[in-house]
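1. For reference, the sequence and a predicted model appear below.
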Amino acid sequence: MRLLPGEETVPDGDGVDQDTGFRTYHRLKWLMLCRLVFSILLLGSTVLFQLGEGSSFLARPLVALYGLTAGIFLLTFFYGILLQRVRRKILLAYGQLIADTLIVTLIIFLTGSFSSLFPFLYMVVIIYSSMLLYWQGCLAVATCCAVGYTLLVGLDFFAFLTSFGLSANPSIASYGGGYVLYKLVITVSAFYAVAVLSSMLSEQVRKSRDELQAMADHVKRVERVAAIGGMAAGLAHEIKNPLAALTGSIQLLREDLNLAPDHQRLMAIILREADRLSSLVTNFLLFARPPAANAKPIELGPALLAAVELFEKDRSFSDRITISKDVCQGVWVEMDPMHLQQVCWNLLLNAAEAIGGAGHVHVAVAAVSKRHACLRISDDGCGMTAATIKSIFDPFFTTKPSGTGLGLSIVQRILEPYRTRLDIESKPNCGSTFCMTFNRIAPPTCS
């Protein structure tokens, strides 16, 4: 499903995007509250103006303003009902912004059209539209404001509208055509300038928020894995030593005893399952206490290509998986080459296993900035839900029938000492992308 500009998904039955699904909801609540406060201020300022001017409270423009204020109250009540019932909050946001543009146009018309003091309200609508809809939606709202104001001024200038403003405001006929056009162009240009600037700020805020959320998720994941790893190291040792003794004893018995074929088969099953358990404990120990790092400067591109070349020789995947490469040269990082090879192997293996049949894996190395580089491994496999992404680094969590659930946990533990962040982008049936962000170093100089 394609989202509208600025739309943020709403959580459905499986809990997808629960963290972001309610942002639009809460912003709309604040918008309705601010609109209610504005209505009260509009009504109060109208009454105070009349008291100062000494004119009738039943003057036609004022009666219309009273009605408009009451209409805003009713709309706010109606919006509150829809907010609880409409699932796609972004559609409600578009509807409210269009209605607000019409309301501002009516306010300007009732307070003197061209000579009104309230065209700045269009800019207020544009600013908070940037918080709800971001780039495209904000520019669309700015266009609606520009069209509304241009039509209002044009109809007033060519006398298609009877002046409805307060008597203190001069008629548009008292201005020259050049001045009217000049003010119109300046005002409309201001609409778009405000739209561009507010959209840039909103985009920057959104990116910063997403970055902070990703950092927070990374820290929580590292802390959780570290806590489990510290406890698991001793447990893995306690299991591995008796298991090795048990396996050795069974092998000796198998060689010394003259067993019947059925007993030989049972003994083979015992040894096979013992080896599988030993492999599992070895991986668990690797997760709990990775080997000490021997960090050295390595060029990321050639190191990745070497790992890919090794993976391509694996006959389990070479017949059905094609791998494309996009490697930027001259990107250096400091890391143990064996650790990098193991991380790349695990991620490539994970990508291949996520593809049910024939598929494609894309690997890339890019220089993100002068200080950071990114290694991306993407597949076109089954993808993952948001709930699965939150759990894939937990030990023994797996969605595969024969997986141990330790591969990605080991990757996370290996990357911890290098201050390398691992991010995941994935959607069901759309594949997954694992991105490792490394700290770059200067290329080593030849001595």
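-> Nice, I can see it. Numbers count the residues shown, from 1 in each chain.
2. CA only for contacts and neighbour counts going forward, please
-> Fine.
3. Tell me where the chain has strands.
-> 296-299, 321-327, 332-335, 359-367, 372-379, 421-426, 432-441 (DSSP state E).
4. Let's have these in JSON lines, adding mean neighbour count and mean pLDDT.
-> Below are the strands of the chain laid out as JSON lines (neighbours: other CA atoms under 10 Å; pLDDT from 0 to 100):
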{"stretch": "strand 296-299", "mean neighbour count": "17", "mean pLDDT": "91"}
{"stretch": "strand 321-327", "mean neighbour count": "16", "mean pLDDT": "91"}
{"stretch": "strand 332-335", "mean neighbour count": "20", "mean pLDDT": "91"}
{"stretch": "strand 359-367", "mean neighbour count": "19", "mean pLDDT": "92"}
{"stretch": "strand 372-379", "mean neighbour count": "22", "mean pLDDT": "92"}
{"stretch": "strand 421-426", "mean neighbour count": "18", "mean pLDDT": "87"}
{"stretch": "strand 432-441", "mean neighbour count": "20", "mean pLDDT": "91"}
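5. can you list the ones you listed in CSV and add distance to C144?
-> Output for the strands of the chain, formatted as CSV (distance: least, CA to CA, whole Å):
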stretch, distance to C144
strand 296-299, 53
strand 321-327, 43
strand 332-335, 50
strand 359-367, 41
strand 372-379, 41
strand 421-426, 35
strand 432-441, 39
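6. Of those strands, give the one that comes closest to R27.
-> Closest to R27 of these, according to CA to CA: strand 421-426, at 25.8 Å.
7. re earlier: which one of the strands of the chain lies nearest to I410?
-> strand 421-426 (12.2 Å).
8. Give me the pLDDT for L197.
-> Listed pLDDT for L197 reads 91.
9. Please determine how far it is located from K207.
-> 15 Å (CA to CA, to the nearest Å).
10. Kindly report the same for A193.
-> With distances taken as CA to CA, A193 is found 21 Å from K207.
11. The two - which one has more neighbours?
-> Neighbour count, other CA atoms under 10 Å: between A193 and K207, A193 has more, with 15 against 12.
12. I'd like the distance between that one and V185.
-> Using CA to CA, one obtains 12 Å as the distance from A193 to V185.
13. what do you get for I127?
-> 19 Å.
14. about what we covered before: among the strands of the chain, which comes closest to F109?
-> Closest approach to F109 among those is made by strand 421-426 (49.4 Å; CA to CA).
15. Give me the sheet partners of that closest one and which way each runs.
-> According to DSSP bridges, strand 421-426 forms sheet pairs with strand 432-441 (antiparallel).
16. what distance separates the strand it pairs with from the centre of its chain?
-> Remark: strand 432-441 is offset 17 Å from the chain centroid, using CA atoms, centre = their mean, to the nearest Å.
17. and the angle for that strand with strand 359-367?
-> Angle between the axes of strand 432-441 and strand 359-367 is 20 degrees (criterion: axes from the mean of the first three to the mean of the last three CA atoms, to 10 degrees).
18. Restrict strand 432-441 to CA atoms and write it as CSV.
-> C-alpha atoms of strand 432-441 as CSV (Å, rounded to 0.1, in the frame of the first residue of the first chain):
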residue,chain,number,x,y,z
SER,A,432,15.3,-6.9,4.1
THR,A,433,18.4,-4.7,4.3
PHE,A,434,21.1,-4.9,7.0
CYS,A,435,23.2,-1.7,7.2
MET,A,436,26.4,-1.6,9.3
THR,A,437,27.7,1.9,9.9
PHE,A,438,31.5,1.9,10.6
ASN,A,439,33.9,4.6,11.8
ARG,A,440,36.2,5.5,9.0
ILE,A,441,40.0,5.9,9.4
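19. That one vs strand 372-379, what angle?
-> Calculated by the same axes, to 10 degrees, strand 432-441 forms an angle of 160 degrees with strand 372-379.
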